[in-house]
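# sharing a model that was predicted from the sequence below.
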Amino acid sequence: MSLIQTVDQEIKQAMLAKNEIRLRGLRAIKAALLLAKTEKGAQVELSEEAEIKALQKQIKQRKDAVEIYQQQNRADLAKIELEEITVLEDFLPKQLSAQELAIAIKAIVQNLEVTDPKDMGKVIGAANKQLAGKSDGKSIAEMVKKVMAEI
């Protein structure tokens, strides 16, 4: 069953349960997936990677919005975004812990045989490809900087 079909079923359940928070998040997921599906002009089936990418994009947008709302002392709006992030994260694969991420990045550094901190871009690119869906780009970049500093 595709993610859109799963989300459709979840929307029905949220409507029946009158769970407004979950319903709002699910509708955001469906909208993001439909937009990603029609982005290239023709309707195409989304791969699992494309679905994950669309969800991660939505989470990143909401995290950015939370930061802005908190800077402007709008806790009410930040709360809404945080609730939606929680719903969106339910549909992503389990995220790597900081320890697991560090181990994975160290393995990537060894595989690429990187010895110079100037090659950080190479490591980040490989890590983003290999760890897509398991960690967000910001966390990967921060961990690569930490690991590369130890070299």
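Looks like it arrived, so ask away.
# ok, the residue most central in space within the chain - contacts?
Taking C-alpha atoms, centre = their mean, the centroid of the chain lies closest to Gln56, which sits 2.5 Å from it. Residues near Gln56 by C-beta atoms under 8 Å, 6 or more residues apart in numbering: Leu92, Gly133, Asp136. (Glycine included, C-beta is placed from N, CA and C.)
# what does the last one show for phi and psi?
Here the main-chain torsion angles of Asp136 (degrees, to the nearest 10) amount to phi -80, psi 160.
# go on, the second one?
Dihedral pair for Gly133: phi 90, psi -20, per degrees, to the nearest 10.
# check which helix or strand covers the closest residue to it other than its chain neighbours.
Using C-beta to C-beta, 6 or more residues apart in numbering and skipping residues adjacent in sequence, the residue nearest Gly133 is Ile52, 4.1 Å away. Following DSSP states H and E, one finds Ile52 within helix 48-71.
# and what about Phe91, helix, strand or coil?
coil (DSSP: H, G, I helix; E, B strand; the rest coil).
# report the spatially closest residue to it, excluding sequence-adjacent ones.
Phe91 sits nearest to Leu55 (C-beta to C-beta, 6+ apart), 5.8 Å away.
# cool, Leu34 as well?
Leu34's closest residue in space is Ile4 (C-beta to C-beta, 6+ apart), at 7.4 Å.
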